[in-house]
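Asks: Sharing a model prediction with you, sequence too.
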Amino acid sequence: MSYIGKKPSDITRAIATNDTFTGDGSTTTFTLTQGAASANDLTVVVNNVRQEPGASKSYTLTAPTSLVFNVAPAAADEIYVINPTQVESIVNAGAVSSGVITGQTAEATVADGDQILVFDASASALRKMTKANFAPSITLTYAAGAATGDGSDTTFTINSGRSVNDVLVIVNGAILVPTTDYTISGTTLTFITAPETGAEISIRYLPLST
């Protein structure tokens, strides 16, 4: 067929589901065979009288499948529910409900090329990313220095850009306490007490991430 202008969109709608229940005078919650996103998506009829959705009206929906009446339908009341919606899982053979993914086995490891679903808050939409895009690889580097005590010197030159909390100082195998046993200012490490003559001083620079 020919059209003037843009061809109309092809729209396919799924067949609606129809659930039937019978009231017993006490039950208020009924389980639908097909989930829905909102109470407004449903047509609920009791004894051939259509009901109005809403917390102060006739019924609400605890998504995706719990239909909750505000007042229990009377015993023998005939209830039917027409649900035109189709809630599709975004995970094969599983389901997503209230932020929980069911029916899937948790992955112990994720490869850089694996795709992961994320929620884009600025666009209110689900998007996919590869694991490699989450953060750049970080390589930590280590450095070390050594010196020998002479019984009098208390100051030693160390690498720049360090603080007393990220430099490990060891004298004759004993780990010293930062601030208590030594301080650092710029490139100068100062011992509170001069290491004895011949003391082996090991300086370990703890790695800094960038």
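Replies: Good, I have the coordinates.
Asks: how about low-confidence regions in the chain?
Replies: Across the chain, the ranges flagged by pLDDT under 70 are 1-14, 85-104, 135-140, 209-210.
Asks: Now name the helix or strand holding Thr183.
Replies: In the assignment (DSSP states H and E), Thr183 maps to strand 182-185.
Asks: Walk me through which strands the helix or strand just after that strand pairs with, and which way each runs.
Replies: Next in sequence after strand 182-185, counting helices and strands by DSSP H and E, comes strand 188-191. When sheet partners are counted by DSSP bridges, strand 188-191 sits next to strand 155-157 (antiparallel), strand 182-185 (antiparallel).
Asks: Any buried residues in the strand holding Thr183, and which?
Replies: 182, 184 (16 or more other CB atoms under 10 Å). Placement of C-beta: from N, CA and C, glycine included.
Asks: which outside residues touch it?
Replies: 158, 162-164, 167, 169, 176, 189-192 (CB atoms under 8 Å, 6 or more residues apart in numbering).
Asks: Over to stretch 186-198?
Replies: Contacts for stretch 186-198 (CB under 8 Å, 6+ apart): 148-160, 167, 169, 171, 180-184, 201, 203.
Asks: do that again at 7 Å, thanks
Replies: 148-160, 171, 181-183, 201 (CB atoms under 7 Å, 6 or more residues apart in numbering).
Asks: are any of those residues buried, and which?
Replies: Buried among those by 16+ other CB under 10 Å: 149, 156, 158, 171, 182, 201.
Asks: do you know which of the strands paired with strand 188-191 lies nearest Gly54?
Replies: Checking the strands paired with strand 188-191 against Gly54 by CB to CB gives strand 182-185 as the closest, at 67.5 Å.
Asks: CA-only coordinates of the closest one in PDB, if you can.
Replies: C-alpha atoms of strand 182-185 as PDB (Å, rounded to 0.1, in the frame of the first residue of the first chain):
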ATOM      1  CA  TYR A 182      60.400   9.800  63.700                       C
ATOM      2  CA  THR A 183      58.900  12.700  61.800                       C
ATOM      3  CA  ILE A 184      59.000  13.800  58.200                       C
ATOM      4  CA  SER A 185      59.100  17.300  56.700                       C
END
